[in-house]
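*Asks:* Mind looking at a prediction? Sequence and model below.
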Amino acid sequence: MARLVMKFGGTSVATVERIKNAARHVKREFDAGHEVAVVVSAMSGKTNELVGWCKEAAPMFDQAEYDTVVASGEQVTSGLMAIVLQEMGLPARSWQGWQIPLYGSDAHGSARIESVDGAGILAGFDRSREIAVCSGFQGVNPRTHRIVTLGRGGSDTSAVALAAGLKADRCDIYTDVDGVYTTDPRVVPKAKRMDKVSFEEMLEMASLGSKVLQVRSVEIAMTQRVPTYVRSSFDDPENPNPGTLICDEDDIVEQQIVTGIAFSRDEAQITLRRVADKPGVAAAIFGPLADANINVDMIIQVVSDDQATTDITFTVPTADYERARTLLESKHDVISYQEIQGATDVVKISAIGVGMRSHAGVAARAFRALAEKGINIRAITTSEIKFSVLIDSAYTELAVRTLHSLYGLDAA
């Protein structure tokens, strides 16, 4: 007998009929003798509707009340799932974030999980193997006693944190795809589903454009060592596919040099031309951006021949491009640049793999292959297990397919 947490995303519970299908997956695990906690998202589209109502009510709404409104979507789903499971003859009850309780910081709309107290759920396991159906995306602040939400994708984070708090044997994330692929199969039809991927690789993939899992959920899975499966809720509940296991690197026997290719269209490039090359300039540029909560990713600095000025190029999320540019224009006299340039028609392509640690020349092969395809690289960043290049968005599909083939992932 194992202890499991099963999480179902919005598309998996979009209608009552889909909730009934998800419940059949739960019943399979319960009938196998496992202790089961379920985490559900709001029904597909419901959170957007609730957010829209808040904006309609007041353009500058109170964030605490916003959390009260948007958390109700998951409450509806958890109640419906419990009703369906009870109709199947299974012991089940719904749990809201404050009832578990899942404690979060007081940053309404983007709270961080502080702790999970699963004593009540564990007591239900001991008493009657009661299935706990928990509302994802939400918790309660222990000091204000107000509902807090965890930000978009927060149900994934709730599920992994609950699995850690319950000391579950694994966490199964059910979504509309049957696992983690070497790249987006809509771009590369030859993309393969991976049987296993390491926590570190999945963290890089999630942060670099893969939409399968929310970044914070992978962080918790890695730090708490929670084995996590990505599976499809649309599989036959009686004969499901195994999905992809996210686990420790040591649990993967055969490790490829490059595991996957990720890409992100949510990139914008800003270049400051002929900035005075003197101490404090970088702080004058990136300090105000940090204060404005604008995340800066790729950074390149090129010093002029006379050593007096430099060009600084960096990327920001597309949604923050105009705000970042306006902020830098307001700091013109402090930074002392001669010209500001920008582009939003760019994309970041990344290759990820723990095998890069022990192999030289992995990135150089990519640069050569892209050059042979006539693809110009605007910026480059590297880390121990990945490298990223910034290119014109028109070459996205060509670049992804080129790198996918280059590293043998077509035949993986």
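*Replies:* Noted; the coordinates are in hand.
*Asks:* Helices along the stretch 301-412 of the chain, start to end?
*Replies:* Listed from the start of the chain, the stretch 301-412 of the chain has helices (DSSP state H, counting those that start in this stretch) covering 321-330, 332-335, 362-372, 396-406.
*Asks:* Which strand residues bridge the residue lying closest to residue 399 once chain neighbours are set aside?
*Replies:* Excluding the flanking residues, the one nearest residue 399 by Cβ to Cβ, 6 or more residues apart in numbering is residue 349, at 5.0 Å. For glycine as for every other residue, the C-beta is placed from the backbone atoms N, C-alpha and C. Listed beta-bridge partners, residue 349: residue 263, residue 389 (assigned using DSSP bridges).
*Asks:* Can you give the domain ranges for this protein?
*Replies:* Per automatic domain parsing, the structural domains of the chain span 3-249, 255-412.
*Asks:* any idea of the mean pLDDT for the last one?
*Replies:* Pointing back at domain 255-412 there. Average pLDDT, domain 255-412: 91.
*Asks:* Tell me how far that domain lies from the chain's centre.
*Replies:* 20 Å (Cα atoms, centre = their mean, to the nearest Å).
*Asks:* Please apply the same query to the first one.
*Replies:* With Cα atoms, centre = their mean as the basis, the distance from the averaged C-alpha position of domain 3-249 to the chain average is 13 Å.
*Asks:* Need the distance between the two termini of it.
*Replies:* 23 Å (Cα to Cα, to the nearest Å).
*Asks:* Could the C-alpha coordinates of the strand or helix carrying residue 50 be exported in PDB?
*Replies:* Element membership for residue 50 (DSSP states H and E) is helix 46-57. The C-alpha coordinates for helix 46-57 follow below in PDB (Å, rounded to 0.1, in the frame of the first residue of the first chain):
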ATOM      1  CA  LYS A  46     -13.400  29.700 -14.300                       C
ATOM      2  CA  THR A  47     -10.500  31.500 -12.700                       C
ATOM      3  CA  ASN A  48     -10.300  33.900 -15.700                       C
ATOM      4  CA  GLU A  49     -14.000  34.600 -15.200                       C
ATOM      5  CA  LEU A  50     -13.600  35.300 -11.500                       C
ATOM      6  CA  VAL A  51     -10.600  37.600 -12.200                       C
ATOM      7  CA  GLY A  52     -12.800  39.400 -14.800                       C
ATOM      8  CA  TRP A  53     -15.500  40.000 -12.200                       C
ATOM      9  CA  CYS A  54     -12.900  41.500  -9.800                       C
ATOM     10  CA  LYS A  55     -11.700  43.900 -12.500                       C
ATOM     11  CA  GLU A  56     -15.300  44.800 -13.400                       C
ATOM     12  CA  ALA A  57     -16.100  45.500  -9.700                       C
END
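*Asks:* Report the buried residues of it.
*Replies:* 46-47, 50-51, 54 (16 or more other Cβ atoms under 10 Å).
*Asks:* So what does the nearest residue to residue 331 once chain neighbours are set aside look like in phi/psi?
*Replies:* Residue nearest to residue 331 in three dimensions, not counting chain neighbours: residue 288, with 6.0 Å by Cβ to Cβ, 6+ apart. With angles defined as degrees, to the nearest 10, residue 288 sits at phi -60, psi -30.
*Asks:* Quick check: residue 288 vs residue 381, distance?
*Replies:* 22 Å (Cβ to Cβ, to the nearest Å).
*Asks:* ok, back up a step: please identify the deepest-packed of the domains of the chain.
*Replies:* domain 3-249 (a mean of 20; mean count of other Cβ atoms under 10 Å).
*Asks:* Averaged pLDDT, it. What do you get?
*Replies:* In this model, domain 3-249 has an average pLDDT of 95.
*Asks:* measure residue 34 to residue 3 for me?
*Replies:* 7 Å.
*Asks:* State the phi and psi torsions of residue 23.
*Replies:* Torsion angles, degrees, to the nearest 10, at residue 23: phi -60, psi -30.
*Asks:* how close does it get to residue 313?
*Replies:* 51 Å.
*Asks:* Assess the claim that residue 265 and residue 347 are in contact.
*Replies:* Yes: contact criterion Cβ atoms under 8 Å: residue 265 and residue 347 qualify, at 5.2 Å.
*Asks:* would you say residue 155 is within a strand?
*Replies:* No: Residue 155: not assigned to a strand; according to DSSP: H, G, I helix; E, B strand; the rest coil it is helix.
*Asks:* on that earlier part again, could you single out the nearest of the buried residues of helix 46-57 to residue 90?
*Replies:* The shortest gap between residue 90 and any of these belongs to residue 46, at 24.7 Å (Cβ to Cβ).
*Asks:* and the closest one, what is it in contact with?
*Replies:* 10, 73, 76 (Cβ atoms under 8 Å, 6 or more residues apart in numbering).
*Asks:* how far away is the second one from residue 131?
*Replies:* Yep, that's residue 73 we're talking about. Distance of residue 73 to residue 131, computed by Cβ to Cβ: 21 Å.
*Asks:* go on, the last one?
*Replies:* Counting by Cβ to Cβ, the gap from residue 76 to residue 131 is 18 Å.
*Asks:* so what's the backbone phi/psi at the residue lying closest to residue 272 once chain neighbours are set aside?
*Replies:* Distances taken as Cβ to Cβ, 6+ apart place residue 337 nearest to residue 272, at 4.2 Å, with adjacent residues excluded. Residue 337 has phi and psi values of phi -100, psi 160 when expressed as degrees, to the nearest 10.
*Asks:* thinking residue 337 is in contact with residue 277, fair?
*Replies:* No: look at residue 337 against residue 277 with Cβ under 8 Å: they stay out of range, at 11.2 Å.
*Asks:* rewinding a little: now the common contact residues for residue 265 and residue 347.
*Replies:* In contact with both residue 265 and residue 347: 393, 396, using Cβ under 8 Å, 6+ apart.
*Asks:* following the helix holding residue 50, which helix or strand shows up next?
*Replies:* helix 63-70.
*Asks:* Run through the neighbouring helices and strands of that next one.
*Replies:* In terms of contacts (3 or more Cβ pairs under 8 Å, 6 or more residues apart in numbering; DSSP states H and E), helix 63-70 is packed against helix 46-57, strand 147-149.
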